[in-house]
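Chemist: this one's structure only:
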């Protein structure tokens, strides 16, 4: 067994007053998986014992995640950490937003199930599930259920406030999925897709802040937050 360690690196935009954490994974064997960004420096944020050969298999093909559509670095990191049964949590800035958007391991659940199955045995060939079908299934699921929200257990929110956050999260996730479906259908250019997602993500976060207060929202997001903060989920140069 090996030690799998996730690291977080601060990604700051002082013009936008936005502060998030990029994450990546390293093994005790010296393997590094960049997760759509840098794989050097930062501070440890999660660690556990697991088989790094499984993580290496999982890493094939960008970890099975299409950046900005089915996940970002946080979901890639969770996939790579999965052999250790360790996950990221609210001490990673921006994780609340990415979890609200993509969940723990990304939106394409069928691909992830297949990837886990293949990577636990000798045959490491992976099938390609239709991305559009996965997004449409996600939308149907969100429409008929309440989304999971990564509430910090140390944050004392009333049930009314929690219900408001869940409602806003459902509205945001449906809006995001509409953008993602349009992008995959080639109805949106990459730059326009990033702009619309970031614009609506920013609106989502500030609506939460207006409902539960900026202090509570900052604690929920794990980052500094004021009415002037512009929240960004995606980066233009990573979209394909």
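Modeler: Received, thanks. Keep in mind that this is a model prediction, so the values were computed, not measured.

Chemist: please enumerate the helices of the protein.
Modeler: 52-58, 73-81, 95-102, 109-119, 131-143, 159-184, 190-212, 214-221 (DSSP state H).

Chemist: looking at the ones you listed, which is closest to residue 64?
Modeler: Of all the helices of the chain, helix 109-119 sits nearest to residue 64, with 5.0 Å by C-beta to C-beta. (Glycine included, C-beta is placed from N, CA and C.)

Chemist: quick one: buried residues of that closest one?
Modeler: The neighbour-count check on helix 109-119 (16 or more other C-beta atoms under 10 Å) flags 109, 111-112, 114-116, 118-119 as buried.

Chemist: tell me what it is packed against?
Modeler: The contact analysis (3 or more C-beta pairs under 8 Å, 6 or more residues apart in numbering; DSSP states H and E) places helix 109-119 against helix 52-58, helix 131-143.

Chemist: with mean neighbour count and distance to residue 206 added, can I get those in a markdown table?
Modeler: Converted to a markdown table, the helices and strands packed on helix 109-119 look like this (neighbours: other C-beta atoms under 10 Å; distance: least, C-beta to C-beta, whole Å):
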| stretch | mean neighbour count | distance to residue 206 |
| --- | --- | --- |
| helix 52-58 | 20 | 35 |
| helix 131-143 | 16 | 21 |
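
Chemist: any chance of TSV for the ones you listed, columns mean pLDDT and distance to residue 176?
Modeler: Converted to TSV, these look like this (pLDDT from 0 to 100; distance: least, C-beta to C-beta, whole Å):
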stretch	mean pLDDT	distance to residue 176
helix 52-58	96	24
helix 131-143	92	10
